[in-house]
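Enquirer: give the three-dimensional model of this entry:
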Amino acid sequence: MKIKTCGLFRLEDIEYANILKSDFIGFVFAKSKREVDFTIAKKLKSHLDSQIQAVGVFVNAPINKILEAIDLRIIDIVQLHGNESIEFISNLKSKTNAKIIYAIGINNENSIDYTKCDLVDFLLFDNIKGGSGESFDWNLLSKIKLPNKPYFLAGGININNIQKAIALHPYGIDVSGGLESNGYKDFYKMKTIITQVRQNKGV
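Expert: A predicted model of the protein is given here:
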């Protein structure tokens, strides 16, 4: 099982990820308290362990902006976290070989657009209010016909519910706010969650 530590914006965050060996880290290029610009992200990426892949989180961003982040080697993977259209995703795919994660807000049994899923490499299941720090009803995952794509589980995951998240056997766990204390990444919380994922024991 993989672990993605998202919303990194300080050099300390990168150091934590390097020490704890995250599989993926996320830079948020959208309105958020964790938002970074390309200048900051490029500096942070230069300190990132080369074995860790950087994901750029975009919300309805222009394709040129996404391609620029790839061309500047700021990110390795694209995460689309808006309401990007099928045409947009197809166009992006035609212009880059970078893998794409497509985020889906889950709030009922009909939340998944399977056509979009066919176009991307990974899915990410989140609360319909992405970035809220709240979980969605994970019981819905047993009721939905899941696409044949590896998926990340996101939304409200923390040290108190990480075992329940692991028990769902996603491809990866995606955590941001659950790694923080007072708005900043907390090494102890990161270590606790990453250790749990590495042990891969659910309840």
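Enquirer: only C-alpha atoms for contact and neighbour calcs from this point on.
Expert: Fine.
Enquirer: surely residue 15 is in a helix?
Expert: Yes: secondary structure of residue 15 (DSSP: H, G, I helix; E, B strand; the rest coil): part of a helix.
Enquirer: for it, the count of nearby residues, please.
Expert: Neighbours of residue 15 under the rule other CA atoms under 10 Å: 16.
Enquirer: flag the shaky bits of the chain, pLDDT-wise.
Expert: For the chain, the stretches with pLDDT under 70 are 130-133, 201-203.
Enquirer: and the spatially most central residue of it, what is it in contact with?
Expert: With distances taken as CA atoms, centre = their mean, residue 174 lies nearest the centre of the chain, 5.2 Å away. Counting by CA atoms under 8 Å, 6 or more residues apart in numbering, residue 174 makes contact with 3-6, 152-155, 157.
Enquirer: can you tell me the element it falls in?
Expert: strand 172-175 (DSSP states H and E).
Enquirer: likewise for residue 5?
Expert: Counting by DSSP H and E, residue 5 is part of strand 2-6.
Enquirer: give me the contact list for that strand.
Expert: 17, 22-28, 171-176, 179, 194, 197-198.
Enquirer: mind running it again at 6 Å?
Expert: Strand 2-6 has contacts (CA atoms under 6 Å, 6 or more residues apart in numbering) with 22-26, 172-176.
Enquirer: what strands line up against that strand, and which way round?
Expert: Its sheet considered, strand 2-6 pairs with strand 24-28 (parallel), strand 172-175 (parallel) by DSSP bridges.
Enquirer: part of a strand, is residue 42?
Expert: No: checked against three-state DSSP, residue 42 lies outside a strand; its state is helix.
Enquirer: longest strand anywhere in this protein?
Expert: Determined from DSSP state E, the single longest strand within the chain is strand 99-106.
Enquirer: neighbouring strands - and their directions - for that strand?
Expert: When DSSP bridges is applied, strand 99-106 pairs with strand 77-80 (parallel), strand 122-127 (parallel).
Enquirer: let's have these in TSV, adding mean neighbour count and distance to residue 112.
Expert: Output for the strands paired with strand 99-106, formatted as TSV (neighbours: other CA atoms under 10 Å; distance: least, CA to CA, whole Å):
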stretch	mean neighbour count	distance to residue 112
strand 77-80	23	14
strand 122-127	24	10
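Enquirer: using CSV, lay out these together with distance to residue 60.
Expert: Converted to CSV, the strands paired with strand 99-106 look like this (distance: least, CA to CA, whole Å):
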stretch, distance to residue 60
strand 77-80, 7
strand 122-127, 16
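Enquirer: and the nearest residue to residue 35 once chain neighbours are set aside, how many neighbours?
Expert: Leaving aside its sequence neighbours, residue 35 sits nearest to residue 28 (CA to CA, 6 or more residues apart in numbering; 4.9 Å). Residues lying near residue 28 (other CA under 10 Å) number 22.
Enquirer: residue 28 against residue 57, yeah?
Expert: Yes: under the criterion of CA atoms under 6 Å, residue 28 makes contact with residue 57 at 4.8 Å.
Enquirer: residue 189 - that's part of a helix, no?
Expert: Yes: assessed by three-state DSSP, residue 189 belongs to a helix.
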